[in-house]
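Visitor: Got a sequence here, can you build the structure:
(one chain, ligands or ions: 1)
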Amino acid sequence: MNARRASPKPAAPIIVGVHPALSTTQDDWLASEKIRLLMKLRRSGISDTRVLGAIEQVPREAFVEEAFRDRAYEDNALPIAMEQTISMPTIVATMTQALDVQPTQCVLEIGTGSGYQAAILAKLARRVHTIERHKPLADLAAARFESLKLRNITPHVGDGSKGWPHAAPYERIIVTAAADTIPQRLMAQLAIGGVMIVPVGPHVADQQLLKLTRVAEDEVRKEVLSAVRFVPLVGE
Ligand code: SAM
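Guide: Have a look, this model is predicted:
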(Lines give C-alpha, C1' and ligand atoms only; values in the text may rest on other atoms or scores of the structure.)
Protein backbone atom coordinates (compact mmCIF):
# COMPACT_ATOMS: atom_id res chain seq x y z
CA MET A 1 0.00 0.00 0.00
CA ASN A 2 2.86 2.30 0.72
CA ALA A 3 5.75 1.79 -1.60
CA ARG A 4 6.27 1.89 -5.28
CA ARG A 5 2.74 1.79 -6.59
CA ALA A 6 2.91 3.56 -9.93
CA SER A 7 -0.05 4.69 -11.95
CA PRO A 8 -0.10 6.06 -15.47
CA LYS A 9 1.24 9.58 -15.40
CA PRO A 10 -1.37 12.16 -16.44
CA ALA A 11 -0.32 14.80 -18.91
CA ALA A 12 1.44 17.51 -16.91
CA PRO A 13 -0.23 20.77 -17.91
CA ILE A 14 2.70 23.11 -17.65
CA ILE A 15 6.48 23.25 -17.34
CA VAL A 16 7.78 24.87 -14.16
CA GLY A 17 9.60 28.20 -14.20
CA VAL A 18 9.22 29.16 -17.84
CA HIS A 19 7.10 32.22 -17.37
CA PRO A 20 5.43 33.62 -14.23
CA ALA A 21 1.98 33.29 -15.80
CA LEU A 22 2.64 29.65 -16.67
CA SER A 23 3.93 28.72 -13.22
CA THR A 24 0.84 30.33 -11.68
CA THR A 25 -1.17 28.04 -13.91
CA GLN A 26 0.73 25.06 -12.53
CA ASP A 27 0.11 26.24 -8.97
CA ASP A 28 -3.61 26.49 -9.79
CA TRP A 29 -3.51 22.99 -11.22
CA LEU A 30 -1.75 21.64 -8.10
CA ALA A 31 -4.38 23.36 -5.95
CA SER A 32 -7.18 21.65 -7.88
CA GLU A 33 -5.34 18.31 -7.67
CA LYS A 34 -5.09 18.79 -3.89
CA ILE A 35 -8.87 19.34 -3.66
CA ARG A 36 -9.43 16.21 -5.72
CA LEU A 37 -7.17 14.26 -3.32
CA LEU A 38 -8.97 15.65 -0.25
CA MET A 39 -12.30 14.52 -1.71
CA LYS A 40 -10.86 11.06 -2.33
CA LEU A 41 -9.58 10.87 1.26
CA ARG A 42 -13.05 11.82 2.55
CA ARG A 43 -14.65 9.11 0.41
CA SER A 44 -12.16 6.55 1.72
CA GLY A 45 -13.09 7.20 5.36
CA ILE A 46 -10.93 10.10 6.51
CA SER A 47 -13.49 12.11 8.46
CA ASP A 48 -11.33 13.94 11.03
CA THR A 49 -11.47 17.55 9.87
CA ARG A 50 -8.22 18.39 11.73
CA VAL A 51 -6.41 15.74 9.67
CA LEU A 52 -7.98 16.93 6.42
CA GLY A 53 -7.13 20.52 7.40
CA ALA A 54 -3.49 19.61 8.03
CA ILE A 55 -3.26 17.87 4.65
CA GLU A 56 -4.78 20.95 3.04
CA GLN A 57 -2.24 23.24 4.72
CA VAL A 58 0.97 21.28 4.02
CA PRO A 59 2.30 21.58 0.44
CA ARG A 60 3.21 17.98 -0.49
CA GLU A 61 4.96 19.33 -3.60
CA ALA A 62 7.62 20.79 -1.25
CA PHE A 63 8.48 17.26 -0.03
CA VAL A 64 8.91 15.48 -3.37
CA GLU A 65 11.75 15.77 -5.85
CA GLU A 66 11.36 18.42 -8.54
CA ALA A 67 10.86 15.74 -11.21
CA PHE A 68 7.73 14.51 -9.37
CA ARG A 69 6.28 17.92 -8.47
CA ASP A 70 3.40 17.56 -10.93
CA ARG A 71 2.52 14.18 -9.33
CA ALA A 72 2.53 15.47 -5.74
CA TYR A 73 -1.23 15.00 -5.26
CA GLU A 74 -1.54 11.58 -6.84
CA ASP A 75 -2.49 9.04 -4.20
CA ASN A 76 0.79 7.22 -4.64
CA ALA A 77 4.06 6.64 -2.84
CA LEU A 78 6.88 8.39 -4.71
CA PRO A 79 10.63 7.76 -4.68
CA ILE A 80 12.90 9.99 -2.61
CA ALA A 81 16.68 9.87 -2.13
CA MET A 82 18.53 6.91 -0.52
CA GLU A 83 16.11 4.49 -2.24
CA GLN A 84 13.33 5.40 0.18
CA THR A 85 9.75 6.60 -0.42
CA ILE A 86 7.35 9.31 0.65
CA SER A 87 4.26 7.37 1.74
CA MET A 88 1.01 7.53 -0.23
CA PRO A 89 -1.41 10.21 1.03
CA THR A 90 -4.12 7.67 1.95
CA ILE A 91 -1.66 5.93 4.29
CA VAL A 92 -0.44 9.22 5.80
CA ALA A 93 -4.06 10.27 6.41
CA THR A 94 -5.09 6.86 7.81
CA MET A 95 -2.14 6.69 10.19
CA THR A 96 -2.60 10.30 11.30
CA GLN A 97 -6.32 9.85 11.92
CA ALA A 98 -5.69 6.63 13.90
CA LEU A 99 -3.01 8.41 15.97
CA ASP A 100 -5.65 10.95 17.14
CA VAL A 101 -3.11 13.63 18.07
CA GLN A 102 -4.22 16.39 20.45
CA PRO A 103 -2.76 19.93 20.44
CA THR A 104 -1.07 19.51 23.85
CA GLN A 105 0.72 16.30 22.92
CA CYS A 106 4.30 15.39 22.06
CA VAL A 107 4.75 12.93 19.18
CA LEU A 108 7.71 10.74 18.25
CA GLU A 109 8.01 9.74 14.59
CA ILE A 110 10.43 7.04 13.44
CA GLY A 111 11.46 7.41 9.78
CA THR A 112 11.49 11.10 8.80
CA GLY A 113 12.04 10.32 5.10
CA SER A 114 10.94 13.38 3.15
CA GLY A 115 9.56 15.07 6.28
CA TYR A 116 5.97 15.17 4.96
CA GLN A 117 4.37 13.06 7.73
CA ALA A 118 6.22 15.10 10.39
CA ALA A 119 4.92 18.33 8.80
CA ILE A 120 1.33 17.02 8.97
CA LEU A 121 1.84 16.05 12.62
CA ALA A 122 3.32 19.47 13.39
CA LYS A 123 -0.03 21.05 12.48
CA LEU A 124 -1.77 18.88 15.09
CA ALA A 125 0.68 18.43 17.97
CA ARG A 126 2.57 20.63 20.44
CA ARG A 127 5.93 19.11 19.45
CA VAL A 128 7.16 16.44 17.02
CA HIS A 129 10.46 14.60 17.44
CA THR A 130 11.38 12.76 14.24
CA ILE A 131 14.30 10.39 13.66
CA GLU A 132 15.89 9.38 10.34
CA ARG A 133 18.84 7.01 9.91
CA HIS A 134 20.02 8.59 6.61
CA LYS A 135 21.65 11.96 7.29
CA PRO A 136 21.09 13.34 3.75
CA LEU A 137 17.32 12.73 4.14
CA ALA A 138 17.29 14.21 7.66
CA ASP A 139 19.18 17.33 6.48
CA LEU A 140 16.84 17.86 3.52
CA ALA A 141 13.76 17.42 5.73
CA ALA A 142 15.20 19.87 8.30
CA ALA A 143 15.69 22.47 5.53
CA ARG A 144 12.06 21.98 4.44
CA PHE A 145 10.80 22.43 8.03
CA GLU A 146 12.83 25.63 8.26
CA SER A 147 11.58 27.09 4.98
CA LEU A 148 7.95 26.27 5.93
CA LYS A 149 8.53 27.76 9.42
CA LEU A 150 7.55 24.49 11.12
CA ARG A 151 9.36 25.35 14.33
CA ASN A 152 7.75 22.68 16.54
CA ILE A 153 9.58 19.82 14.79
CA THR A 154 12.87 18.58 16.26
CA PRO A 155 14.70 16.39 13.70
CA HIS A 156 17.27 13.81 14.81
CA VAL A 157 19.69 11.55 12.91
CA GLY A 158 20.09 8.04 14.25
CA ASP A 159 18.64 4.58 14.74
CA GLY A 160 14.99 5.22 15.50
CA SER A 161 14.43 1.63 16.62
CA LYS A 162 15.98 2.82 19.90
CA GLY A 163 13.51 5.70 20.07
CA TRP A 164 14.59 9.04 21.53
CA PRO A 165 14.69 8.47 25.31
CA HIS A 166 15.78 12.06 26.10
CA ALA A 167 12.27 13.43 25.51
CA ALA A 168 10.26 10.32 26.58
CA PRO A 169 7.57 9.47 27.48
CA TYR A 170 5.56 10.36 24.37
CA GLU A 171 1.78 10.52 24.21
CA ARG A 172 1.92 9.40 20.60
CA ILE A 173 4.45 7.36 18.56
CA ILE A 174 4.23 6.72 14.82
CA VAL A 175 6.57 4.39 12.97
CA THR A 176 6.71 4.85 9.19
CA ALA A 177 8.82 1.77 8.39
CA ALA A 178 7.88 -1.85 9.08
CA ALA A 179 9.16 -3.52 12.25
CA ASP A 180 9.60 -7.31 12.33
CA THR A 181 7.75 -7.50 15.65
CA ILE A 182 6.12 -5.01 18.03
CA PRO A 183 9.05 -2.71 18.92
CA GLN A 184 9.41 -3.06 22.70
CA ARG A 185 12.03 -0.32 23.08
CA LEU A 186 9.56 2.15 21.57
CA MET A 187 6.72 0.77 23.68
CA ALA A 188 8.80 1.53 26.78
CA GLN A 189 8.90 5.21 25.68
CA LEU A 190 5.11 5.43 25.24
CA ALA A 191 3.21 7.17 28.05
CA ILE A 192 0.49 5.26 29.92
CA GLY A 193 -2.67 5.96 27.91
CA GLY A 194 -0.52 6.68 24.85
CA VAL A 195 -1.02 5.34 21.32
CA MET A 196 1.50 3.90 18.87
CA ILE A 197 0.75 3.34 15.17
CA VAL A 198 3.20 0.91 13.61
CA PRO A 199 3.39 -1.40 10.58
CA VAL A 200 4.53 -4.86 11.73
CA GLY A 201 5.60 -7.87 9.70
CA PRO A 202 8.91 -9.34 8.55
CA HIS A 203 7.84 -9.66 4.88
CA VAL A 204 6.61 -6.81 2.70
CA ALA A 205 3.71 -8.94 1.46
CA ASP A 206 2.57 -9.77 4.99
CA GLN A 207 2.52 -6.57 7.05
CA GLN A 208 -0.25 -5.25 9.27
CA LEU A 209 -0.81 -1.70 10.44
CA LEU A 210 -1.28 -1.89 14.21
CA LYS A 211 -2.76 0.54 16.71
CA LEU A 212 -1.25 -0.17 20.14
CA THR A 213 -2.66 1.56 23.22
CA ARG A 214 -0.64 1.34 26.42
CA VAL A 215 -3.58 1.05 28.81
CA ALA A 216 -1.40 0.36 31.90
CA GLU A 217 2.29 -0.12 32.77
CA ASP A 218 2.22 -3.76 31.63
CA GLU A 219 -0.89 -3.86 29.48
CA VAL A 220 -1.16 -3.07 25.79
CA ARG A 221 -4.35 -3.20 23.72
CA LYS A 222 -3.75 -4.22 20.10
CA GLU A 223 -5.98 -3.43 17.11
CA VAL A 224 -5.25 -4.43 13.51
CA LEU A 225 -6.13 -1.54 11.17
CA SER A 226 -5.23 -2.80 7.68
CA ALA A 227 -2.74 -4.60 5.49
CA VAL A 228 0.14 -2.35 4.36
CA ARG A 229 3.45 -2.41 2.46
CA PHE A 230 6.30 -0.46 4.01
CA VAL A 231 10.07 -0.35 3.60
CA PRO A 232 11.73 -2.13 6.56
CA LEU A 233 12.69 -0.52 9.86
CA VAL A 234 16.44 -1.07 9.80
CA GLY A 235 17.79 -1.28 13.31
CA GLU A 236 19.53 -3.37 15.89
N1 SAM B 1 7.56 9.44 6.98
C2 SAM B 1 8.23 9.53 5.70
C3 SAM B 1 7.68 10.66 4.86
O4 SAM B 1 6.73 11.33 5.27
O5 SAM B 1 8.26 10.89 3.79
C6 SAM B 1 8.23 8.26 4.91
C7 SAM B 1 9.07 7.25 5.54
S8 SAM B 1 9.78 6.03 4.48
C9 SAM B 1 8.40 5.04 4.05
C10 SAM B 1 10.63 5.13 5.77
C11 SAM B 1 11.82 5.86 6.35
O12 SAM B 1 12.26 5.18 7.51
C13 SAM B 1 13.01 5.92 5.40
O14 SAM B 1 13.42 7.24 5.21
C15 SAM B 1 14.07 5.10 6.14
O16 SAM B 1 15.38 5.55 5.90
C17 SAM B 1 13.65 5.29 7.57
N18 SAM B 1 14.16 4.29 8.51
C19 SAM B 1 14.21 2.94 8.37
N20 SAM B 1 14.74 2.38 9.48
C21 SAM B 1 15.03 3.41 10.33
C22 SAM B 1 15.59 3.48 11.63
N23 SAM B 1 15.97 2.38 12.30
N24 SAM B 1 15.76 4.68 12.20
C25 SAM B 1 15.37 5.80 11.55
N26 SAM B 1 14.84 5.81 10.31
C27 SAM B 1 14.66 4.62 9.71
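Visitor: buried stuff in the lengthiest helix in the chain?
Guide: Under DSSP state H, the helix in the chain containing the largest number of residues is helix 20-43. By 16 or more other C-beta atoms under 10 Å, the buried positions in helix 20-43 come out as 26, 30, 33-34, 37-38, 41. (Each C-beta comes from the backbone N, C-alpha and C, glycine too.)
Visitor: what do you get for stretch 82-97?
Guide: Here stretch 82-97 shows 84-97 as buried, counting by 16+ other C-beta under 10 Å.
Visitor: neighbours around Ala77, how many?
Guide: When neighbours are defined as other C-beta atoms under 10 Å, Ala77 has 24 of them.
Visitor: so how far is Arg42 from it?
Guide: To Arg42, Ala77 is 21 Å away according to C-beta to C-beta, to the nearest Å.
Visitor: Tell me which residue is most central in the chain.
Guide: For the chain, the residue sitting closest to the mean C-alpha position, by C-alpha atoms, centre = their mean, is Gln117 at 2.6 Å.
Visitor: Next, that residue: secondary structure please.
Guide: Three-state assignment for Gln117 (DSSP: H, G, I helix; E, B strand; the rest coil): helix.
Visitor: roughly how far apart are it and Tyr170?
Guide: Taken as C-beta to C-beta, the span from Gln117 to Tyr170 is 15 Å.
Visitor: can you list the residues of this structure near the ligand?
Guide: Listed as neighbours of the ligand in the chain under the rule C-beta under 6 Å from any ligand atom: 2, 84-87, 110-111, 113-114, 116-117, 131-134, 137, 159-161, 176-177, 230-231, 233-235.
Visitor: Go through these and flag which are in helices.
Guide: 116-117, 137.
Visitor: so how far is the lowest-mean-pLDDT helix or strand in the chain from its chain's centroid?
Guide: Least confident helix or strand, the chain: helix 20-43 with a mean of 86, by mean pLDDT, DSSP states H and E. Its chain's C-alpha centre and that of helix 20-43 lie 20 Å apart, by C-alpha atoms, centre = their mean, to the nearest Å.
Visitor: swap in stretch 98-110?
Guide: 12 Å.
Visitor: and Gly158, how many neighbours does it have?
Guide: 14.
Visitor: Could you pull up the residues touching it?
Guide: 131, 133, 164 (C-beta atoms under 8 Å, 6 or more residues apart in numbering).
Visitor: So which bits of stretch 121-141 are buried?
Guide: Those would be 121-125, 127-134, 137-138, 140-141, for stretch 121-141 by 16+ other C-beta under 10 Å.
Visitor: wait, Gly111 sits on Leu233?
Guide: Yes. Gly111 is in contact with Leu233 according to C-beta atoms under 8 Å; the separation is 7.1 Å.
Visitor: follow-up on the earlier one: nearest to the ligand among the contacts of Gly158?
Guide: Nearest to the ligand out of these is Arg133 (C-beta to the nearest ligand atom; 3.8 Å).
Visitor: Identify the residues contacting that closest one.
Guide: 157-160, 234.
Visitor: And Ala72, by the same measure?
Guide: Per C-beta under 8 Å, 6+ apart, neighbours of Ala72: 30, 33, 59-61, 63-64, 78.
Visitor: about what we covered before: so the residue nearest to the centre of the chain sits right up against Ile153, yeah?
Guide: No. Using C-beta under 8 Å, Gln117 makes no contact with Ile153, being 10.6 Å away.
Visitor: circling back to that earlier point, now the contacts of Ala72 as a markdown table including secondary structure and distance to Gly193?
Guide: Converted to a markdown table, the contacts of Ala72 look like this (DSSP: H, G, I helix; E, B strand; the rest coil; distance: C-beta to C-beta, whole Å):
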| residue | secondary structure | distance to Gly193 |
| --- | --- | --- |
| Leu30 | helix | 39 |
| Glu33 | helix | 38 |
| Pro59 | coil | 33 |
| Arg60 | helix | 32 |
| Glu61 | helix | 37 |
| Phe63 | helix | 31 |
| Val64 | coil | 36 |
| Leu78 | strand | 35 |
